[in-house]
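Visitor: dropping a prediction and its sequence here:
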Amino acid sequence: MGLFGFLSKDKNENLEKGLAKTKESVFKKLSRIVIGKSKVDDEVLDKLEEVLISSDVGVDTTVKIIRRIEKRVQENKFLGVDELNSILKKEITDMLEENNSVQLSTFTLPEMDDPYVIMVVGVNGVGKTTTIAKLAYQFKKAGNVVYVGASDTFRAAAVDQLSIWAERAGVAIVKQKMGSDPASVAYETLVVAKKNKASVVIIDTAGRLHNKIPLMNELSKIRKVMQKVIPDAPHDVLLILDGSTGQNAFEQARQFTNATEVSSLAITKLDGTAKGGVVIGISDQFRIPVKYIGTGEGMDDIQIFNKYEFVDSLFSE
């Protein structure tokens with residue numbers, strides 16, 4: 001099989017479309033580094049390192065990938081450049097596999113007596129509101145009763161925006177007026193959702209700058225208040241990151257994971273950027289499972305992250 005191989009017939013076409021800009025960028029760069037080369041040598045590896053870093057995979061993760069390929073080259077001195085693509089896919093997939101993250105397949109929820117509670121965190125502008133709506137819509141399509149809690153009460157129009165998106169998704173929303181206590185909204189949402197036998201509750205939270213200490217204190221308060229209604233809530237703390245910001249997404253992830261317990265990630269806006277490699281770096285560096293990726297503006301433009309499909313799509317023609 002040639003350098004860039006072929007995708008299987010059952011390829012994820014939405015993922016292909018969403019990663020088009022990143023893929024085109026990576027494809028062009030990889031094509032350049034193998035011109036006039038027949039085997040993988042130090043020069044090819046140096047240029048490959050530049051390609052991965054410029055694709056926002058991140059320095060630490062790039063170094064890890066290059067070391068893996070160097071080991072392959074040492075074992076096989078005549079490793080051909082036509083094998084580089086398949087080797088890249090194999091080594092990156094193996095690296096992500098070592099994170100021991102659970103691979104979801106559908107928008108299903110664990111069997112529970114109480115509603116499954118997802119607390120959503122992230123700075124303003126990363127696509128938090130639309131991601132909440134998309135998730136709510138997908139959970140509803142899967143047959144669940146869904147409630148959304150509008151606990152981002154500080155930002156002007158945040159409650160109104162979430163209300164509009166909740167209506168589009170066809171799910172219930174619990175809200176109070178702007179400036180209300182966010183923890184009070186979360187508490188009320190869980191009480192109402194539990195009373196109405198909801199399957200899942202998604203709590204929005206304020207998205208002010210991630211270095212604002214009071215915001216992190218507020219997240220802790222929301223968590224404690226929710227536990228008065230459902231002792232083990234939240235079951236998932238989902239951090240939303242904007243993939244188009246590249247290395248800034250790493251910094252946001254670092255700040256949030258230092259300040260609060262994040263259990264999963266959603267990376268948005270991959271359809272509008274050539275920086276999709278950030279998904280690989282963040283997944284590797286933080287060892288927090290990437291659960292969802294956003295690949296467009298529509299309600300169905302959210303996917304469960306599949307590391308195998310993602311890597312295959314990124315490094316296949």
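Guide: Right, received. Where do you want to start?

Visitor: not counting its neighbours along the chain, what's nearest Lys21?
Guide: Of all residues not flanking Lys21 in the chain, Ala274 sits nearest, at 4.6 Å (C-beta to C-beta, 6 or more residues apart in numbering). Quick note: C-beta positions are derived from backbone N, CA and C, even for glycine.

Visitor: tell me the phi and psi of that neighbour?
Guide: phi -100, psi 20 (degrees, to the nearest 10).

Visitor: ok, Lys141 next?
Guide: Here Lys141 shows phi and psi, under degrees, to the nearest 10, equal to phi -60, psi -30.

Visitor: quick revisit: what's near enough to touch the residue nearest to Lys21?
Guide: Lys21, Thr22, Glu24, Ser25, Ser55 (C-beta atoms under 8 Å, 6 or more residues apart in numbering).

Visitor: surely the second one touches Val278?
Guide: Which is Thr22. No - using C-beta atoms under 8 Å, Thr22 is not in contact with Val278, being 9.1 Å away.

Visitor: when those two are compared, which one has more neighbours?
Guide: The residue with more neighbours, out of Thr22 and Val278, is Val278; 28 against 23, by other C-beta atoms under 10 Å.

Visitor: per-residue pLDDT, the more buried one?
Guide: pLDDT recorded at Val278 is 90.

Visitor: distance check, it against Ser220.
Guide: Distance, Val278 to Ser220, using C-beta to C-beta, to the nearest Å: 28 Å.

Visitor: tally of neighbours for Lys275?
Guide: Quick note: Lys275 (other C-beta under 10 Å) scores 24 neighbours.

Visitor: pretty sure it contacts Gly58?
Guide: No - using C-beta under 8 Å, Lys275 makes no contact with Gly58, being 10.8 Å away.

Visitor: hey, which helix or strand in the protein has the poorest pLDDT?
Guide: Here the helix or strand of the chain ranked lowest by mean pLDDT, DSSP states H and E is helix 13-18, holding a mean of 78.

Visitor: quick check: which ranges of the stretch 101-250 of the chain have low pLDDT?
Guide: Across the stretch 101-250 of the chain, the ranges flagged by pLDDT under 70 are 101-105, 208-213.

Visitor: what about the strands in the stretch 101-250 of the chain?
Guide: 116-121, 146-150, 172-174, 200-204, 236-242 (DSSP state E, counting those that start in this stretch).

Visitor: pick the most deeply packed of those.
Guide: strand 200-204 (a mean of 29; mean count of other C-beta atoms under 10 Å).

Visitor: and the angle for that one with strand 116-121?
Guide: 20 degrees (axes from the mean of the first three to the mean of the last three C-alpha atoms, to 10 degrees).

Visitor: return the distance of the longest helix belonging to the chain from the chain's centre.
Guide: Longest helix in the chain by number of residues (criterion: DSSP state H): helix 59-75. Relative to the chain's own centre, helix 59-75 is displaced by 25 Å; criterion: C-alpha atoms, centre = their mean, to the nearest Å.

Visitor: list the buried residues in that helix.
Guide: Thr61, Thr62, Lys64, Ile65, Ile66, Arg68, Ile69, Val73 (16 or more other C-beta atoms under 10 Å).

Visitor: which member of these is positioned nearest Lys197?
Guide: Thr61 (43.4 Å; C-beta to C-beta).

Visitor: the closest one reaches Ile280, doesn't it?
Guide: Yes - in this structure, Thr61 is within contact of Ile280 by C-beta under 8 Å, at 6.3 Å.

Visitor: which parts of the stretch 201-317 of the chain are helices?
Guide: 213-226, 247-259, 278-286, 307-314 (DSSP state H, counting those that start in this stretch).

Visitor: okay, these in CSV with distance to Glu297 next?
Guide: As requested, these are arranged in CSV below (distance: least, C-beta to C-beta, whole Å):
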stretch, distance to Glu297
helix 213-226, 27
helix 247-259, 19
helix 278-286, 19
helix 307-314, 20
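
Visitor: now for the strands of the stretch 101-250 of the chain, which one comes closest to Lys90?
Guide: Closest among those, once you apply C-beta to C-beta, is strand 236-242, at 26.3 Å.
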